[in-house]
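**Q** sequence unknown, structure follows:
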DNA sequence: CGACCACTTGAATGTACTCAATGAACGTGG
DNA sequence: CCACGTTCATTGAGTACATTCAAGTGGTCG
């Protein structure tokens, strides 16, 4: 582990030294020279929570890696009903290759730090380094698995189970350094009640009621609306419908 | 169009001559020599409707292309609740690369004709032909788009809208030769009422009631439970919530 | 202090579900 | 050929869960 990091960092651009995408993200496919090449055209950007990254049916000319923060992917029906169709965390790749315009919109759920680079730069590099496309395929397959997992939640779970499943999802993804076997979890929710409702296919009121119930039952503690403490994750899992 | 087919077919294996996957599927990435190589290890299989192709958490050692028929991908909760998380049509690729076992189960919704080949053969070929991985990435991205589109349907549409959306989905995918702008559609449903319910996150009874309503309103005609006629697709679209 | 925002709580309503009975199509065996 | 069982779909009545509409709470900021 430490060895691998040493090797990777030895000649990597400064920008990439502390970057998760360098290891777990798509940049892990690049050799030091290629990394330097991509880093030349890349740019670190900070985005405020709530800012729209990509609007529906909007042309996209750059891709990015998430360095920190949470991105919310949404789709909206003509009458305004909204559905969150995905959440992305560091070090996920952000963008939809091979399509001029996106059919979903992306929004910063929290403050973000991105490493962004021109669409053309990545596509050029994909040609000379097939490993890049391989990484992309892996992430896409993972996202597909997640989307299908969520379809089960949306289609077949009760409101109470949806909320428990959601809290588990956040607990497991919000902190990359977290021990996956830990018995307890503490985190700040990256989403408002409204966002959660749109993610779970519920209303704000139902989300609020179910959270209140979990708190009343002693499964979770809530401070300042956003800060959550889960003493015993197993109790949440028991309520998630698995 | 005819030119392209001539070129492709000139030296292609007999098995591949009439195969949609040769053009629109993943095999389109292969040159004639490679196609011959893959065809050597591949096998045409016929499967009866209802047969299970891949069980949940079951090891998979072969991939396949769908030549004809419809495959149903499902996930099941511990208490038996089931959700259909995807439908695949010819000439889709079937299988989950880079993972020893699948977390979903695949079942023949209709009688199937498959072109199946060993996992190892395809993975070997992917190394020497990056275009193959590219095709796979494209299909995966398309499936991801479809899954997200369906998340909106599951999370935010009413039962009536879900049914209309489902009928549109089938009308557009069941017949590869169909004119996408055609005003009317005629098709045999590849799924039972129960399957539809599992796809839409509804019960059988609700599916039945909504279909009856569409028929009563003159939007669709139903013969023998499975055969559907849609005189005016626009009327269905108007009810799909878009 | 008042306005605003996000969230919570309450009461009434409605959509889809559950349970139950009926109907239609198909295959088997007497 | 018809009676019978089976499977699949439809229809009906009553119920439950999440929604809608409405009011209230708590925190933040000008």
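**A** Nice, I can see it. Computed from a prediction, not measured in an experiment: that's the story for all the values here.

**Q** For chain A, just list every one of the strands.
**A** Taking DSSP state E as the test, the strands found in chain A are A:43-47, A:52-54, A:62-68, A:70-76, A:82-89, A:93-94, A:105-108, A:112-118, A:185-188, A:221-223, A:227-230.

**Q** For the second one, name the packing helices and strands.
**A** Just to be clear, that refers to strand A:52-54. strand A:105-108 (3 or more C-beta pairs under 8 Å, 6 or more residues apart in numbering or on different chains; DSSP states H and E). Bear in mind the C-beta positions are built from the backbone N, C-alpha and C, glycine included.

**Q** Relative to residue A:241, how far out is the residue of chain A found nearest DNA strand D?
**A** Relative to DNA strand D, the nearest point of chain A is residue A:206 (3.0 Å; C-beta to the nearest atom of the strand). Separation of residue A:206 from residue A:241 (C-beta to C-beta, to the nearest Å): 16 Å.

**Q** okay, which residue is most central for chain A?
**A** Nearest to the mean C-alpha position of chain A, by C-alpha atoms, centre = their mean, lies residue A:88 at 1.4 Å.

**Q** Verify the contact between that residue and residue A:74 for me.
**A** No: here residue A:88 lies out of contact with residue A:74, judged by C-beta atoms under 8 Å, at a distance of 11.9 Å.

**Q** how close does residue A:227 get to residue B:188?
**A** 54 Å.

**Q** how about stretch A:111-127, does it reach chain B?
**A** No: judged by C-beta under 8 Å from any C-beta of the partner chain, stretch A:111-127 makes no contact with chain B; its nearest approach is 8.7 Å.

**Q** which regions of chain A sit below the pLDDT cut-off?
**A** A:1-10, A:100-102 (pLDDT under 70).

**Q** hey, where'd the helices end up in it?
**A** A:2-10, A:14-17, A:32-41, A:119-128, A:130-156, A:159-173, A:193-200, A:204-216, A:233-238 (DSSP state H).

**Q** Just tell me which of those ends up closest to residue B:106.
**A** Checking these against residue B:106 by C-beta to C-beta gives helix A:130-156 as the closest, at 12.1 Å.

**Q** which secondary structure elements does that closest one contact?
**A** strand A:82-89, helix A:119-128, helix A:159-173, strand B:70-76, strand B:82-89, helix B:130-156.

**Q** Out of the ones you listed, flag the one nearest residue B:162.
**A** Of the helices and strands packed on helix A:130-156, nearest to residue B:162 by C-beta to C-beta is helix B:130-156, at 5.7 Å.

**Q** Tell me which residues of that closest one come out buried.
**A** Buried positions in helix B:130-156, judged by neighbour count with 16 or more other C-beta atoms under 10 Å in any protein chain shown: B:130-141, B:143-156.

**Q** roughly how far is that helix from the heart of the chain?
**A** 12 Å (C-alpha atoms, centre = their mean, to the nearest Å).

**Q** and the angle from it to helix B:159-173?
**A** 160 degrees (axes from the mean of the first three to the mean of the last three C-alpha atoms, to 10 degrees).

**Q** by how many degrees do helix B:130-156 and helix A:193-200 diverge?
**A** 120 degrees.

**Q** is helix B:130-156 anywhere near DNA strand D?
**A** No: judged by C-beta under 7 Å from any atom of the strand, helix B:130-156 stays clear of DNA strand D, getting no closer than 8.8 Å.

**Q** is that helix up against DNA strand C anywhere?
**A** No: contact between helix B:130-156 and DNA strand C is absent, the nearest approach being 10.5 Å (criterion: C-beta under 7 Å from any atom of the strand).

**Q** That helix vs strand A:82-89, what angle?
**A** Using the same axes, to 10 degrees: helix B:130-156 against strand A:82-89 is 130 degrees.

**Q** and helix B:130-156 with strand B:62-68, angle?
**A** 70 degrees.

**Q** domain ranges for chain A?
**A** A:2-150, A:157-238 (automatic domain parsing).

**Q** Which of the ones you listed sits closest to residue B:176?
**A** Closest of those to residue B:176 is domain A:2-150, at 21.3 Å (criterion: C-beta to C-beta).

**Q** how far out from the middle of the chain is the closest one?
**A** On C-alpha atoms, centre = their mean, the centre of domain A:2-150 falls 10 Å from the chain's centre.

**Q** so residue A:49 touches residue A:110, yeah?
**A** Yes: Residue A:49 sits in contact with residue A:110 when judged by C-beta under 8 Å, with a separation of 5.1 Å.

**Q** For the two, indicate the residue with more neighbours.
**A** residue A:110 (18 against 15; other C-beta atoms under 10 Å in any protein chain shown).

**Q** For the residue of chain A closest to DNA strand D, give me its contacts.
**A** A:159, A:197 (C-beta atoms under 8 Å, 6 or more residues apart in numbering or on different chains).

**Q** Next one: it from residue A:222, what distance?
**A** For residue A:206, the distance to residue A:222 - C-beta to C-beta - is 16 Å.

**Q** Indicate which one of the domains of chain A is closest to residue B:173.
**A** Here domain A:2-150 is closest among the domains of chain A (C-beta to C-beta), at 17.5 Å.

**Q** Briefly note if stretch A:59-71 comes near DNA strand C.
**A** No: applying C-beta under 7 Å from any atom of the strand, one finds stretch A:59-71 separated from DNA strand C by no less than 14.1 Å.

**Q** Quick check: buried residues in that stretch?
**A** A:60, A:62-67, A:69-71.
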